[in-house]
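In: have a look at this prediction, sequence included:
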Amino acid sequence: MATAILLETDRVEDRLAQRAAAPGLLPAGGKALLTHVARALRQLSDIDKLVLVGPTAYQEQTGVLAQVDDALLLDAPVGALVEAACERFGGADELLLCRPNTPLLRPEMVERFLAHAPLDAALNLTVVREERFRASFPELPEPPVSHLGAERVVWASLVLVRPAALSGHRALLQRVLGEQLVHAELAKALGVGFAIKLSTGRASVDELARRLSDLLGAPAVIHFAPFPELALRVHGRAEYHLARELLEAA
């Protein structure tokens, strides 16, 4: 059984700040975006606890907080949020991390991810191919793309961590989970040579997984998700308008 952590690390674009103080609080279909994500996760038998880790903007949102079993609210940098989450909830066998501003999440997306996550893997990450994302959401601005060898990918929302295997690798975990593989931040953990190879697009998906596995001393797996919705994180006006339209039509 896994503890699901809704990890809020994005900021609301300035032009949306009057609507909400955090992305997961943006309203759509009469509910906050976080509520849509929480309801999808509640349908999964593999999830036994749902918690929110994010900024104090959630403190007065009692209706939203009622959707989770526990909350850890801090106004802190991303790395500190990840560290705090590991300290508080790292005793779980598995941690499933998801972003509360990924409102198009559906239970079957998570079920497929969990079904394909090897039991011995300490870290499972997800990516979506850029062409799949662009084909599904052509009206959106260019997504943040990583070049991994011949692949152009967008990092997706779902991450599965087995904390017991990663207890001695908190710094790497903070960078991977909090920074979504920002190359400059990863240089210290991956080594300068590999970080340069990664930043110039010469490191393939398999090579990155092997490098992470070597550093962790346990398998790390990068999954190609067939669901572009997993890479749609709402923090700007274009993503918000699209997500709201789709949610209200559903």
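Out: Yep, it's here. Quantities reported herein were computed from a predicted structural model and do not represent experimental measurements. Numbering: from 1, shown residues only.
In: for this structure, name the helix or strand with the lowest mean pLDDT.
Out: Every helix and strand in the chain was compared by mean pLDDT, DSSP states H and E; the lowest is helix 183-190, with a mean of 61.
In: okay, the helix or strand following that helix in PDB with CA atoms only?
Out: Tracing the chain past helix 183-190, the next element assigned as helix or strand by DSSP states H and E is helix 192-199. Output for helix 192-199, consisting of C-alpha atoms alone and laid out as PDB, is shown next (Å, rounded to 0.1, in the frame of the first residue of the first chain):
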ATOM      1  CA  VAL A 192      29.900  17.300 -13.900                       C
ATOM      2  CA  GLY A 193      30.800  15.000 -16.800                       C
ATOM      3  CA  PHE A 194      27.500  13.300 -16.900                       C
ATOM      4  CA  ALA A 195      25.600  16.500 -16.200                       C
ATOM      5  CA  ILE A 196      27.200  18.100 -19.300                       C
ATOM      6  CA  LYS A 197      26.300  15.000 -21.400                       C
ATOM      7  CA  LEU A 198      22.800  15.300 -20.100                       C
ATOM      8  CA  SER A 199      22.500  19.100 -20.800                       C
END
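In: ok, then the element right after helix 192-199?
Out: Counting by DSSP H and E, the next helix or strand C-terminal to helix 192-199 is helix 205-216.
In: need the residue in the chain that's farthest from the chain's center.
Out: Gly193 (26.5 Å; CA atoms, centre = their mean).
In: in the sheet, which strands lie alongside the lengthiest strand in the chain, parallel or antiparallel?
Out: When the chain is parsed with DSSP state E, its longest strand is strand 151-161. Looking at strand 151-161 with DSSP bridges, its partner strands are strand 94-98 (antiparallel), strand 123-129 (antiparallel), strand 146-148 (antiparallel).
In: that strand to helix 205-216, inter-axis angle?
Out: Strand 151-161 runs at 30 degrees relative to helix 205-216, counting by axes from the mean of the first three to the mean of the last three CA atoms, to 10 degrees.
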